[in-house]
Structures are given as structure tokens and as C-alpha cells.
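# okay, here's the prediction I keep looking at, along with the sequence it came from:
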Amino acid sequence: DTGVSQDPRHKITKRGQNVTFRCDPISEHNRLYWYRQTLGQGPEFLTYFQNEAQLEKSRLLSDRFSAERPKGSFSTLEIQRTEQGDSAMYLCASSSRRTGRRADTQYFGPGTRLTVL
Amino acid sequence: AQRVTQPEKLLSVFKGAPVELKCNYSYSGSPELFWYVQYSRQRLQLLLRHISRESIKGFTADLNKGETSFHLKKPFAQEEDSAMYYCALHYNQGGKLIFGQGTELSVKP
């Protein structure tokens, strides 16, 4: 399967613990995005990378959140000192940035469902 | 501020009936809009984008800049169309998508 993959698919943790999620984009996609989706809502943008550079972070991304894409391939999203409000589906997407003004199509992974007890 | 609004959380129709899922947007630039679909237990996937002006699975959507709308339509709904549908706006400054809250379409036999 050459689609976007995410690991783990489910994570249950206790409040105050740290968690890390991984996203493997479609190979050769140079853009990688993280979104968060809570129940009954559409996905909300968190951050994105072009190659290894993190180009934008949402105000939703508090200091407890950090994302990396060290070699411009896979990415990790870490949440420190988790809170119950962090419980959500965390989605990763990737795209291939093309020249010109047209938006590139984002391909989504299956998501990681985080439950903070 | 950039915003996407899908006013209906749930839309229930009978098989063979026409379907229209509403989407309105607020954006000061030149918008690029998408419809994504999520079938049960599957990942979010692109259904169509306004730039391509194509029909996918019988669905079409026309961008109406005057009404700032991008409604999704299908003349005859099928049971397999039952899914969550999300309208999304591409924000030109950067690559992010701004999603609406989603509409659950239920097509009854």
C-alpha cells in the first residue's frame, strides 16, 4: 500500500503522560500536514512541513505540542503532559507541491485516535 | 476570517432522490474548494475539486462566487453514497485546508 500511513492507530494514555505519533507520507510527497478532528467537527489544521521545514503552526498547537520531520520523509507529532482535551483523532496528510497557483491534492492517512483518561 | 459552513449536520434521503449538500465559504482571495468524503471505517478521500469541473460518482459541484457557495449535488442518490461529506477551502497562504463541520448523508432504501 503506497498511501499515507499512521502509527499507532489507537492510543490510550493517562493525563500527564507524553505521547508520540508517527506519519509516513506517500513517497516523494514533499508536503506533510497534521490535522486534529474532534467528535462532530471537521478536521482542524495544526501544522505543515515542506520537506523538513515546518512552515506554519496553528494557534491550536500549544507549547505542549511539537512536530518534526527530520529528513523530509516521515513526521512525528509529540504531545507532552497530555490533557483530557487532547482526546481527538489526529490526521496526517501529504501532497506533492507543484509549481503554479493551483492547490495540490492532500491525501489523508487513517488517523491516530487518542484517548486521554 | 476564512470559514467554511455546512449548515446541515445530517441529510436523510431515499434512494433515487436528488441530493444537495450545502457549503458556504468566507474568503477574501480567489478560492479553491474541495469536497472530501469519508465512508464508514475508511479514511478521508478527495471526491472532487472545483478546478477540475468533473463529475465523480455522479456528483457535481459548482462554485458560485456571488453567493460564496460550493454546493454538492447528485440527481439520483444511491445507498452507497451514505457517508460523511466535508467541504474544504484551500487557504492560499500556505497549504492548509479549512474544513466545514461535515454533513452526514444517509440514503435509505
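Sure, I can see it. Residues are numbered from 1 along each chain as shown, chains lettered A, B, ... in the order given.
# please enumerate the strands of the chain.
Went with chain A since none was named. Secondary structure of chain A, counting by DSSP state E: strands at A:5-7, A:10-13, A:19-24, A:31-37, A:44-50, A:53-57, A:65-68, A:75-79, A:88-95, A:107-108, A:112-116.
# actually it's chain B I care about, not the one you picked
Counting by DSSP E, one finds strands in chain B at the ranges B:3-5, B:10-14, B:19-21, B:24-26, B:32-38, B:45-49, B:60-61, B:72-74, B:83-90, B:97-99, B:103-108.
# select, out of those strands, the one closest to residue A:75.
For residue A:75, the closest of the strands of chain B is strand B:97-99, at 17.0 Å, according to CB to CB. C-betas here are computed from N, CA, C, even on glycine.
# residues touching the closest one, excluding its own?
When contacts are defined by CB atoms under 8 Å, 6 or more residues apart in numbering or on different chains, strand B:97-99 is touched by residues A:33, A:35, A:42-45, A:106, B:2-4, B:34, B:36, B:86-91.
# TSV for the strands of chain B, including distance to residue A:69?
Formatted as TSV, the strands of chain B follow (distance: least, CB to CB, whole Å):
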stretch	distance to residue A:69
strand B:3-5	27
strand B:10-14	37
strand B:19-21	34
strand B:24-26	30
strand B:32-38	23
strand B:45-49	23
strand B:60-61	33
strand B:72-74	33
strand B:83-90	21
strand B:97-99	18
strand B:103-108	33
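# as TSV, those with mean neighbour count would be great.
Converted to TSV, the strands of chain B look like this (neighbours: other CB atoms under 10 Å in any protein chain shown):
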stretch	mean neighbour count
strand B:3-5	16
strand B:10-14	13
strand B:19-21	18
strand B:24-26	17
strand B:32-38	22
strand B:45-49	18
strand B:60-61	20
strand B:72-74	20
strand B:83-90	24
strand B:97-99	23
strand B:103-108	17
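# how about a markdown table for these, with mean pLDDT and distance to residue A:80 added?
Converted to a markdown table, the strands of chain B look like this (pLDDT from 0 to 100; distance: least, CB to CB, whole Å):
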| stretch | mean pLDDT | distance to residue A:80 |
| --- | --- | --- |
| strand B:3-5 | 95 | 31 |
| strand B:10-14 | 97 | 37 |
| strand B:19-21 | 97 | 39 |
| strand B:24-26 | 95 | 34 |
| strand B:32-38 | 94 | 30 |
| strand B:45-49 | 92 | 32 |
| strand B:60-61 | 93 | 41 |
| strand B:72-74 | 96 | 40 |
| strand B:83-90 | 96 | 30 |
| strand B:97-99 | 95 | 26 |
| strand B:103-108 | 98 | 34 |
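# nearest to residue A:13, of the ones you listed?
Proximity to residue A:13, assessed across the strands of chain B by CB to CB, is greatest for strand B:32-38 (25.1 Å).
# just checking, what packs against that closest one?
Strand B:32-38 is packed against strand B:45-49, strand B:83-90, with contacts defined by 3 or more CB pairs under 8 Å, 6 or more residues apart in numbering or on different chains; DSSP states H and E.
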